[in-house]
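Student: my questions are about this predicted structure, shown below with the sequence.
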Amino acid sequence: MLDDCGPTWTDPATLGGLYDRHYASVLRYCVHRLYVRAVTEDVTSEVFLEVVKRIGSFAGREETDFANWLFAIATRRIHATVRKSRRRRELLAAAARDGRLHPAASAPEPGRGLAWAELYAAIATLSGRDQTLITLRSFEQLPFERIAVICGMKPTAARVAYGRALGRLRERLTCNDGRGS
């Protein structure tokens, strides 16, 4: 928390510390959403450039407020990149083909025989909102209260939307493994 007597959000040392503490998590979030390292590094850089430009208007008081704001900016940048490129499936296919899908979180359920490429391909078929919810909860392990702030919804709505997104993901995975129709 910043107090009235200490440094402000715009203080270079404060911004540097925030960058150091949050860069890896923003990059990891972008990797889970965009899959290609070069693209994710560009988007992560854009996120922090936007932070520097807009930090003067940031009204939060706690570092958690800052982190939520940061993930919201990252989510908007990711969606813009996907819209602009219209190449999401191509990015995923190239990443899978080149063996560049390296998850930063735990592996899929043991014994399931699910490959990361299959999981990411199924996630890529979901809406941007569903992808955001699954990534923030499953890969970044954020609580629903933070996800709600990032996505602009109530915690209960975030929990319900996440459950529905997981259901849609399960349907796609079931259909893809030959057990569904």
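Tutor: Alright, I've got the coordinates. Every value quoted in this text rests on a predicted model; they were computed, and no experiment measured them.
Student: so which elements touch the strand or helix carrying R129?
Tutor: Element membership for R129, per DSSP states H and E: helix 128-134. The helices and strands touching helix 128-134, judged by 3 or more Cβ pairs under 8 Å, 6 or more residues apart in numbering; DSSP states H and E, are helix 63-85, helix 116-124, helix 144-151, helix 155-176. Yep, even glycine has a C-beta here, placed from its N, CA and C like the rest.
Student: contact partners of the first one?
Tutor: If I follow you right, that is helix 63-85. Identification of contacts with helix 63-85 by Cβ atoms under 8 Å, 6 or more residues apart in numbering yields 1, 9, 18, 21-22, 25-26, 29-30, 33-34, 39, 43-44, 46-47, 50-51, 58, 60, 88, 91, 128, 132, 136, 140, 142, 146, 149-152.
Student: by mean pLDDT, flag the weakest helix or strand of the chain.
Tutor: Across the helices and strands of the chain, mean pLDDT, DSSP states H and E gives its lowest value to helix 88-97, namely a mean of 65.
Student: show me what contacts the residue nearest the centre of the chain?
Tutor: Geometric centre of the chain, nearest residue: Y29, 3.7 Å, by Cα atoms, centre = their mean. Neighbouring residues of Y29 by Cβ under 8 Å, 6+ apart: F71, A74, T135, L136, F139, E140.
Student: make it 6 Å
Tutor: Residues in contact with Y29, defined by Cβ atoms under 6 Å, 6 or more residues apart in numbering, are A74, E140.
Student: the helix or strand hosting it vs helix 116-124, what angle?
Tutor: Per DSSP H and E: Y29 is located in helix 12-34. Interaxial angle, helix 12-34 versus helix 116-124 (axes from the mean of the first three to the mean of the last three Cα atoms, to 10 degrees): 100 degrees.
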